[in-house]
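Chemist: Sequence and predicted structure below; questions after.
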Amino acid sequence: MAPAADREGYWGPPTSTLEWCEENYAVSSYIAEFWNTVSNLIFILPPIYGAIQTYKDGLEKRYLAAYLCLTAVGLGSWCFHMTLKYEMQLLDELPMIYSCCVFVYCLYECFKYKNTVNYPLLFLLITYSFVVSIV
């Protein structure tokens, strides 16, 4: 059997700007970093359950947004570690930025006194997300 570094996987050679400490295609020829990929299930399955429960219980939409953001982070990370492609790396990294912005807004919502929308904070977070995406 060839060393892991010489194995050609289903997705072809990696195009991402980084690789983690796991051998590529060591467990499956369809998944570049098997254990990094599988470990993302904790970012996918529980948040989906949380989103369903949040919807059923009629909780505020910010909780639903937070759970869906965690799910997006897990799915993006799953795709990246499975393929090690640059496009999937963006799908891994950008949802983390967007999720952090949603969490910052949710945190603000916990401590507000009036039933209002903080448009300056929304504008700042959306602008930040847009600039990071462009860069």
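Modeler: Okay, I see it. Numbering: from 1, shown residues only.
Chemist: With the flanking residues excluded, which residue is spatially nearest to Ile126?
Modeler: Take Ile126 and drop its neighbours on the chain: the residue closest to it by Cβ to Cβ, 6 or more residues apart in numbering is Cys101, 7.6 Å away. Yep, even glycine has a C-beta here, placed from its N, CA and C like the rest.
Chemist: ok, now how distant is that neighbour from Lys112?
Modeler: 17 Å (Cβ to Cβ, to the nearest Å).
Chemist: for the protein, longest helix please?
Modeler: helix 86-110 (DSSP state H).
Chemist: after that helix comes which helix or strand?
Modeler: Sequence order places helix 119-134 as the next helix or strand after helix 86-110, per DSSP states H and E.
Chemist: Report all helices and strands that that next one contacts.
Modeler: helix 86-110 (3 or more Cβ pairs under 8 Å, 6 or more residues apart in numbering; DSSP states H and E).
Chemist: Quick check: buried residues in stretch 123-135?
Modeler: Neighbour counts over stretch 123-135 (16 or more other Cβ atoms under 10 Å) mark 125, 129 as buried.
Chemist: what mean pLDDT would you report for it?
Modeler: The average of the pLDDT scores along stretch 123-135 is 94.
Chemist: Tabulate the CA atom coordinates of it in CSV.
Modeler: Extracted C-alpha coordinates of stretch 123-135, given in CSV (Å, rounded to 0.1, in the frame of the first residue of the first chain):
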residue,chain,number,x,y,z
PHE,A,123,-25.0,47.8,10.0
LEU,A,124,-21.6,47.3,11.7
LEU,A,125,-21.8,43.5,11.8
ILE,A,126,-23.1,43.3,8.2
THR,A,127,-20.4,45.6,7.0
TYR,A,128,-17.7,43.6,8.8
SER,A,129,-19.0,40.4,7.3
PHE,A,130,-19.1,41.9,3.9
VAL,A,131,-15.5,43.3,4.1
VAL,A,132,-14.2,40.0,5.4
SER,A,133,-15.9,38.1,2.6
ILE,A,134,-14.4,40.4,0.0
VAL,A,135,-10.9,40.3,1.4
